[in-house]
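1. no sequence on hand, only this structure:
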């Protein structure tokens with residue numbers, strides 16, 4: 001079996017599923033905080049930044065980390081220059097080391113990205129998938145990311161697939177709660 005072909009196939013399927021969720025999301029769900037939980041419920045969580053996670057942030061987070069984690073290491077990451085998500089000044093810190101900002105950490109009140117902008121970003125990641133996966137050293141004993149120690153590159157790519165699909169499941173469930181079922185065929 002060709003492992004690279006299998007990785008490409010699974011990443012493509014996951015990105016397609018993510019795109020279908022984004023396309024199906026109704027306007028009223030796109031920027032609605034979810035879950036709607038009182039801030040007091042998060043007081044014991046030092047990681048919580050006070051921003052609830054609406055659909056658009058979950059979708060953006062998912063494609064962003066799929067993109068970041070696809071490369072061999074953090075030096076290989078190339079921002080999506082020319083895309084609307086790259087051009088926004090309020091997103092600029094996401095595209096440079098040390099990546100101390102990501103979609104979940106954008107301040108409350110940050111204007112939601114348009115669905116078309118997130119779909120454009122998903123298509124961008126799909127376009128770079130073949131060359132990126134072809135360039136991976138899947139035998140490397142390092143993930144290539146300093147915050148993932150003792151993780152091989154192959155294991156990290158499989159973890160990235162799980163991450164992508166986990167959030168697709170989360171978005172799919174939000175759609176189902178709104179009476180929208182996705183056709184996965």
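-> In hand now; what should we look at? Everything numeric here is computed off the predicted structure, so don't read it as measured data.

2. in this structure, which spans are helices?
-> For the chain, applying DSSP state H gives helices covering 3-24, 27-30, 55-70, 84-87, 115-134, 153-177.

3. these: which one's closest to residue 142?
-> Distance to residue 142, taken as C-beta to C-beta, is lowest for helix 153-177 among these, at 6.7 Å. (Glycine included, C-beta is placed from N, CA and C.)

4. now do the same contact list for the residue sitting nearest the centre point of the chain.
-> The centre of the chain sits closest to residue 62, judged by C-alpha atoms, centre = their mean, with a distance of 1.6 Å. Applying C-beta atoms under 8 Å, 6 or more residues apart in numbering to residue 62 gives the contacts 18, 163-164, 167-168, 171.

5. and it, what pLDDT?
-> The model reports residue 62 with a pLDDT of 97.

6. for residue 11, see how far away it is.
-> Distance of residue 62 to residue 11, computed by C-beta to C-beta, to the nearest Å: 12 Å.

7. shared neighbours, the two?
-> Any residue near both residue 62 and residue 11 by C-beta under 8 Å, 6+ apart counts here, and that gives residue 164.

8. circling back: for residue 141, find the nearest of the helices of the chain.
-> Taking C-beta to C-beta, helix 153-177 is the member of the helices of the chain nearest to residue 141, at 7.8 Å.

9. once you drop chain neighbours, what's closest to residue 91?
-> residue 85 (6.0 Å; C-beta to C-beta, 6 or more residues apart in numbering).

10. and residue 151, by the same measure?
-> For residue 151, ignoring the flanking residues on the chain, the nearest one in space by C-beta to C-beta, 6+ apart is residue 143 at 4.2 Å.

11. wait, what's in contact with that neighbour?
-> Counting by C-beta under 8 Å, 6+ apart, residue 143 makes contact with 149, 151-153, 155-156.

12. likewise residue 85?
-> Residue 85 makes contact with 60, 91, 113, 117-118, 120-121 under the criterion C-beta under 8 Å, 6+ apart.

13. how close does it sit to residue 124?
-> In terms of C-beta to C-beta, residue 85 sits 9 Å off from residue 124.

14. hang on, the earlier thing: closest to residue 107 among the contacts of residue 85?
-> For these, the residue nearest residue 107 by C-beta to C-beta is residue 91; the value is 11.4 Å.
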